[in-house]
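Engineer: here is my input; please provide its structure:
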Amino acid sequence: MDKPVIVTIEHHSTREEILGRLRSRFGDIRAQIAPYVSSLNEEWNESGVSARAVALGQAFESRIDVEEHVVRVEVRLPALLGMFGGLIGNVIRRKAPKLLR
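Structural biologist: Numbers count the residues shown, from 1 in each chain. This next block holds a predicted model:
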């Protein structure tokens, strides 16, 4: 069973500005998680990005949705990776605001 990690981050910019920053800085996200994942594929849409990744041989999905005043990050971890949910949530809470500025 998947264990979702959901983090919301408030922002004070327009939705379009945040989407632009997210697109331009997605390479930074890739670089930060590269030591932990063996593959990462993203698919962009008008509200954000969906991504599929593999870590420790386990596939998982994530979404980043940009709303008018918040960014919602959801990472759905399979059971084996679920034990890292708290750690992943804390890293997102700490680093995401810097990426969105």
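Engineer: ok, residue 18 - how many residues close by?
Structural biologist: Here the count is done by other C-beta atoms under 10 Å, and residue 18 has 24 residues near it. Any C-beta I mention is one placed from the backbone N, CA and C, and that applies to glycine too.
Engineer: I should have written residue 62 there, sorry.
Structural biologist: 20.
Engineer: residue contacts, it?
Structural biologist: Shown in contact with residue 62 (C-beta atoms under 8 Å, 6 or more residues apart in numbering): 50-53, 73-76.
Engineer: so which of the residues you listed are in strands?
Structural biologist: Among these, the members falling in strands (DSSP state E) are 50-53, 73-76.
Engineer: next SSE after the helix or strand hosting residue 24?
Structural biologist: If you go by DSSP states H and E, residue 24 is part of helix 15-33. Using DSSP H and E, the helix or strand that follows helix 15-33 in sequence is strand 39-45.
Engineer: show me what counts as buried in that next one.
Structural biologist: For strand 39-45, a neighbour-count test (16 or more other C-beta atoms under 10 Å) marks 40, 42 as buried.
Engineer: so how far is that strand off the chain centroid?
Structural biologist: Offset of strand 39-45 from its chain centre (C-alpha atoms, centre = their mean, to the nearest Å): 11 Å.
Engineer: with just CA atoms, put that strand into PDB.
Structural biologist: Extracted in PDB, the C-alpha atoms of strand 39-45 (Å, rounded to 0.1, in the frame of the first residue of the first chain):
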ATOM      1  CA  SER A  39      15.600   7.300 -12.800                       C
ATOM      2  CA  LEU A  40      13.300  10.300 -12.900                       C
ATOM      3  CA  ASN A  41      10.800  11.100 -15.600                       C
ATOM      4  CA  GLU A  42       8.600  14.200 -15.400                       C
ATOM      5  CA  GLU A  43       5.500  15.300 -17.300                       C
ATOM      6  CA  TRP A  44       4.500  18.900 -17.200                       C
ATOM      7  CA  ASN A  45       1.000  20.300 -17.400                       C
END
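Engineer: partner strands of it and their direction?
Structural biologist: strand 48-55 (antiparallel) (DSSP bridges).
Engineer: elements contacting the helix or strand bottoming out on mean pLDDT in the chain?
Structural biologist: None of the helices or strands of the chain scores lower by mean pLDDT, DSSP states H and E than helix 79-82, at a mean of 88. Counting contacts by 3 or more C-beta pairs under 8 Å, 6 or more residues apart in numbering; DSSP states H and E, helix 79-82 packs against strand 3-10, strand 58-66.
Engineer: right, I'll leave it there.
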